[in-house]
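Below is the structure, and that's it, no one-letter string:
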């Protein structure tokens, strides 16, 4: 029996996680689910944002499924998500971008993957400083060849595993010659070991434009931390928004799967949240655990339900509650 740790999260997190648990139970997969505290729920119990017990249980689990967690301003870690990635060395953030029927997707046939480096660069927040007079701020960007090699190799291995044809490395080496330059040169070197996969280089601003104008040209995008954070959200906008965007944080020994959207406190408790992103993250988790047939069934149920269009949450143009949508998916299974 595989051990899956559940972190329900804040805001709408517990509501959409209840949906995920219902679907995982309906799939009758050989997993044992247990829950732990993190974020606001942990603070409410007088604990740290990420209690030591939770860290220990993530270590012990075969995979973790995490709801959206809000980091209180001015308290605790700078970011719960960043802290988890750094603590468990989850160097790869993987964001599939797939058009689904019955949504507000701007493109109907997109199927690409953004592979983002998760530990280095500006987004890691190293070297924050602000002058005493408040007039000058600095932030370090540190890129290593080892870190770059890890994520670029992961992108190529993902391409080979999924029979993808091209990897596009996105950079800004024309201006950021040291950091982006090292990332680019490392990519050129590693690409030589994958002659079966096309390798393309693209400057980040051009990539943003091409994603809007001609996103079908992309297959797998690999890039640095900050660029990946921005471009993956842009890609989510092409398929209808963050409510349809799952993510995986992967390391050599641990994996945390999540909906990449926020905790949406304005609709928490109303029973109208869309659980699709978290359900697609659960499907990624099932793939990771070697339960690909169950993952395919879950994705198939989502596609079938949205295609029929009779039961959709309000953000997708329907009027179904979270529970009604969840039960429609159970019936589709």
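Noted; the coordinates are in hand. Keep in mind it's a predicted model, so treat the numbers as computed, not measured.

which residues does the residue nearest the centre of the chain bridge with?
By C-alpha atoms, centre = their mean, the chain has its centre lying nearest to residue 247, at 1.9 Å. With DSSP bridges as the criterion, residue 247 is bridged to residue 258.

and it, what does it touch?
93, 94, 95, 232, 257, 258, 259, 260, 281 (C-beta atoms under 8 Å, 6 or more residues apart in numbering). Just so you know, the C-beta spots here come from the backbone N, C-alpha and C atoms, and that holds for glycine as well.

The first one: which element?
Here residue 93 sits within strand 92-98, counting by DSSP states H and E.

So what are the sheet partners of that strand and their directions?
Strand 92-98 is paired, per DSSP bridges, with strand 111-117 (antiparallel), strand 246-250 (antiparallel).

Nearest to residue 305, out of the ones you listed?
Among these, strand 246-250 comes nearest to residue 305, with 16.5 Å by C-beta to C-beta.

looking at it, residue 154 is touching residue 90, isn't it?
No. Assessed by C-beta atoms under 8 Å, residue 154 is found out of contact with residue 90, at 11.3 Å.

helix, strand or coil for residue 211?
helix (DSSP: H, G, I helix; E, B strand; the rest coil).

and it, what pLDDT?
On pLDDT, residue 211 comes in at 98.

Using the three-state scheme, assign the closest residue to residue 194 other than its chain neighbours.
Using C-beta to C-beta, 6 or more residues apart in numbering and skipping residues adjacent in sequence, the residue nearest residue 194 is residue 156, 4.6 Å away. Three-state call for residue 156 (three-state DSSP): helix.

how about the helices in the stretch 101-250 of the chain?
Taking DSSP state H, counting those that start in this stretch to define them, one finds helices in the stretch 101-250 of the chain at 145-161, 179-191, 204-213, 225-238.

tell me the angle of the strand holding residue 93 relative to helix 145-161?
Interaxial angle, strand 92-98 versus helix 145-161 (axes from the mean of the first three to the mean of the last three C-alpha atoms, to 10 degrees): 30 degrees.

quick one on the thing from earlier: between residue 154 and residue 90, which one's more packed in?
residue 90 (21 against 17; other C-beta atoms under 10 Å).

Could you tell me which ranges of the protein sit under the pLDDT cut-off?
71-78 (pLDDT under 70).

at 50 what do you get?
The chain contains residues with pLDDT under 50 at 74-76.

For it, which segments count as strands?
2-7, 31-35, 63-66, 92-98, 111-117, 129-130, 137-138, 166-171, 198-203, 220-223, 246-250, 255-259 (DSSP state E).
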